[in-house]
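In: Predicted model and sequence below, questions to follow.
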Amino acid sequence: MAAISVDELTKEYGTVTALDRVSLTVEEGEIFGFLGPNGAGKSTFINMLLDFVRPTEGTARIFGYDCQEEGVDARGRLGVIPEGYSVFDRLTGRKHVEYAIRSKDADADPVELLDRVGLREAADRKASEYSTGMKQRMVLAMALAGEPDLLLLDEPTTGLDPNGAAKMRRLLRNENERGATIFFSSHILEQVEAVCDRVGILQRGELVAVDTIEGLRESMGGGTKLAITPDELTNGAVQSVRTVEGVDDVQVLDGPTLEVTCANDVKMDVLLELYNAGVEIVNLRTEEASLEDMFVEYTRGSQA
Amino acid sequence: MTWRVVTRRDIAETVRPRLVKLLLALPALVILGGAYLYPVLGSEPYTTARFAGFISGWLPTVVALAGILLGYNAVVGKRESGAIRLALSLPNSRLDVAFGAFASRAGLLCGVIAGSLAAGFVLVVYPFGSVAVVRFLGFAVATVTLGALWVGLGLATSLVVATKRTAFILAFGLFGLFRLAWGPLSRALEVGLAESGLTGEEPVAAAALRAVEPGRVFERVVDAFVDPSASVDNVWYLNEWLALCLFVAWLVVPLGLATSRFIGSDLS
């Protein structure tokens, strides 16, 4: 059974469409990254899975439970870091985790859970006095309570330092090995690239791509990037490289360096073109296109 | 149903602030002060049943104030801060959250009322009073219900709006309307109707309207069922059974409507 199955999910606020007919299936055991710039609708999507917000149209199911009609059953399978939460004012970290354990009717040791996120020492301090990163880790401990089948995490690395973010990723991988499905949203690409099996890219409320990272690279035309350092560069040379079939993008950087994004099999054509234009190549580096390049490519113009 | 879990958490969170302790002390002071003064200021015979009539005039305002203040912030405060998102990310339903908050806040107030009445009972009986256990228990039930009723009205405001400020204004609006303005307003309506000549000498509509206010309903219930020295007038809108129905309706209906609205609304 699919961990998440969403069909034509739409949310309109007045005349604004926050989410536009999104359909998506996340299989059990996957690590799925939900990617998009701020305001693209990621949180609206997750808020509907959690039934904070009612869809205008469409349905969302978690392990077969309708998120709106059978929300409690659906959330019974979940561990969640929601967007825009705050901690309970006067409760300690331990009390928070105990609350989660009781609500899930689970059998777990709050201190052990806090220990897993590195908060054992702070267990008896009021959570309202925690730093942002500590709060985030405490809520992760609440999410982990009761060994949930699906972790639903909205921007989980917010407030974490790079070290904390790396720990969080390790923890997520461990949870995944235990058998948990992981769905998390992020506007930070490295996070997603580092751990995800599949990625969905959301832009202005529309799901513009769902694929594996390799698949996305593939669909980006091989997705190779050439960094070429010539002895000197003429405008004509740049222009002629742009005309090579299979070249997506040419950037001129300081140095001068020529950054060419192109299909894998036209690398030689590019070099040949430069050679014909009389450019001598001093240095050459190739790299796979990062998700960042694809992300920019997919969401280009969304800032306009 | 996880409302008990919600209640437990809410109590742990609620009892700490000094304001809450002060709020809870208010009805306790009135009940204990009343019980202390009753043998001095009241008239013979001193019984726990007539004591009810002695303090039932003061209680509605005090209990209303404590109840409304305990209730208005119960949910909306967490909604505004975002803590409700933690609660609702867990397998708690919105009904659990609403009812858990009600059980916590009403439980605190009702516990204090019941405790103070028990202590007051002793003060009234000792040394000269006589005991009327059943009637006194009836009074205790009525007063506890009044506490729950006002917590419910406060909580209802908390459930239907999105900011603490609006809830506060709405809650105090209700308190001011029912406890301060209701008498004068219905009186003005009565006079206006009489003057206009549309109705007879005693406009029933205005009098009936005045009788609907929760505090007056409570007083009528106490007069009819508890205090042997009091009775209710024999007009339909002052009927004791109608009063009892109204009393229950005030407890159930506003909170029920507010909860169903809360369940159906978007949280962001």
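Out: On my side now, so go ahead. Numbering: from 1, shown residues only, chains lettered A, B, ... in the order given.
In: what residue ranges in chain B score low on pLDDT?
Out: B:1, B:127, B:198-202, B:268 (pLDDT under 70).
In: pretty sure residue B:142 is touching residue B:223, no?
Out: No. Here residue B:142 does not reach residue B:223: they are 10.5 Å apart, not a contact under Cβ atoms under 8 Å. All C-beta spots, glycine's among them, are computed from the backbone N, C-alpha and C.
In: Next up, the contacts around residue B:121.
Out: Counting by Cβ atoms under 8 Å, 6 or more residues apart in numbering or on different chains, residue B:121 touches B:35, B:48, B:136.
In: Now for the second one, how many residues are close by?
Out: Spelled out, that is residue B:48. Using other Cβ atoms under 10 Å in any protein chain shown, residue B:48 is surrounded by 26 other residues.
In: what do you get for the first one?
Out: One way to gauge burial is a neighbour count; for residue B:35, by other Cβ under 10 Å, it gives 23.
In: Would you indicate which residues of the helix or strand hosting it are buried?
Out: Per DSSP states H and E, residue B:35 falls inside helix B:18-41. Using 16 or more other Cβ atoms under 10 Å in any protein chain shown as the test for burial, helix B:18-41 gives B:20, B:23-24, B:26-28, B:30-32, B:34-35, B:38-39.
In: List the buried residues of the longest helix anywhere in chain B.
Out: Secondary structure of chain B read by DSSP state H shows that its longest helix is helix B:94-125. Applying a neighbour-count criterion of 16+ other Cβ under 10 Å, one finds B:94, B:96-110, B:112-114, B:116-117, B:120-121, B:123-125 buried in helix B:94-125.
In: So the closest residue to chain B within the stretch 101-250 of chain A versus residue B:57, what's the distance?
Out: Nearest residue of the stretch 101-250 of chain A to chain B (Cβ to the nearest Cβ) works out as residue A:103 at 3.9 Å. Distance from residue A:103 to residue B:57, counting by Cβ to Cβ, to the nearest Å: 44 Å.
In: who has more neighbours, those two?
Out: residue A:103 (26 against 12).
In: count of neighbours near the closest residue to that one other than its chain neighbours?
Out: Nearest residue to residue A:103 in three dimensions, chain neighbours excluded: residue B:90, at 3.9 Å (Cβ to Cβ, 6 or more residues apart in numbering or on different chains). For residue B:90, the neighbour count with other Cβ under 10 Å is 27.
In: And for residue B:191?
Out: Neighbour tally, residue B:191, other Cβ under 10 Å: 12.
In: in what helix or strand does it lie?
Out: helix B:182-196.
In: Measure how the helix or strand that that helix is followed by sits relative to helix B:182-196, angle-wise.
Out: For helix B:182-196, the following helix or strand on the C-terminal side (DSSP H and E) is helix B:204-212. Counting by axes from the mean of the first three to the mean of the last three Cα atoms, to 10 degrees, helix B:204-212 points 170 degrees away from the direction of helix B:182-196.
In: Buried residues, helix B:204-212. List them.
Out: Neighbour counts using 16+ other Cβ under 10 Å place B:206, B:207, B:209, B:210, B:211, B:212 of helix B:204-212 among the buried residues.
In: need the helices for chain A, in chain order.
Out: Applying DSSP H to chain A gives helices spanning A:42-49, A:71-76, A:93-103, A:110-116, A:132-144, A:162-178, A:189-195, A:213-219, A:235-242, A:267-276, A:291-299.
In: Check which helices and strands the first one sits against.
Out: The reference is to helix A:42-49. strand A:4-13, strand A:16-26, strand A:31-35, strand A:57-62, strand A:150-154, strand A:181-186 (3 or more Cβ pairs under 8 Å, 6 or more residues apart in numbering or on different chains; DSSP states H and E).
In: mind giving me CSV with these and columns for distance to residue A:85, mean pLDDT and mean neighbour count?
Out: Output for the helices and strands packed on helix A:42-49, formatted as CSV (distance: least, Cβ to Cβ, whole Å; pLDDT from 0 to 100; neighbours: other Cβ atoms under 10 Å in any protein chain shown):
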stretch, distance to residue A:85, mean pLDDT, mean neighbour count
strand A:4-13, 20, 96, 18
strand A:16-26, 19, 95, 18
strand A:31-35, 18, 93, 25
strand A:57-62, 19, 96, 20
strand A:150-154, 9, 95, 25
strand A:181-186, 14, 93, 24
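In: wait, does stretch A:5-20 contact chain B?
Out: No. Applying Cβ under 8 Å from any Cβ of the partner chain, one finds stretch A:5-20 separated from chain B by no less than 8.7 Å.
In: For that stretch, which outside residues touch it?
Out: Applying Cβ under 8 Å, 6+ apart, the set of residues contacting stretch A:5-20 is A:21-26, A:41, A:44-45, A:48-49, A:53, A:55-61, A:204-206.
In: Between its first and last residues, how far does it reach?
Out: End-to-end span of stretch A:5-20 (Cα to Cα, to the nearest Å): 16 Å.
In: Likewise for stretch B:125-135?
Out: 14 Å.
In: related to what we said a few turns ago, for the buried residues of helix B:204-212, which one is nearest chain A?
Out: Using Cβ to the nearest Cβ, the shortest approach to chain A within the buried residues of helix B:204-212 belongs to residue B:212, at 35.0 Å.
In: How much space separates the spatially closest residue to the closest one that is not a sequence neighbour from residue B:259?
Out: Distances taken as Cβ to Cβ, 6+ apart put residue B:246 closest to residue B:212, at 6.5 Å, once the chain neighbours are dropped. The gap separating residue B:246 from residue B:259 is 20 Å, by Cβ to Cβ.
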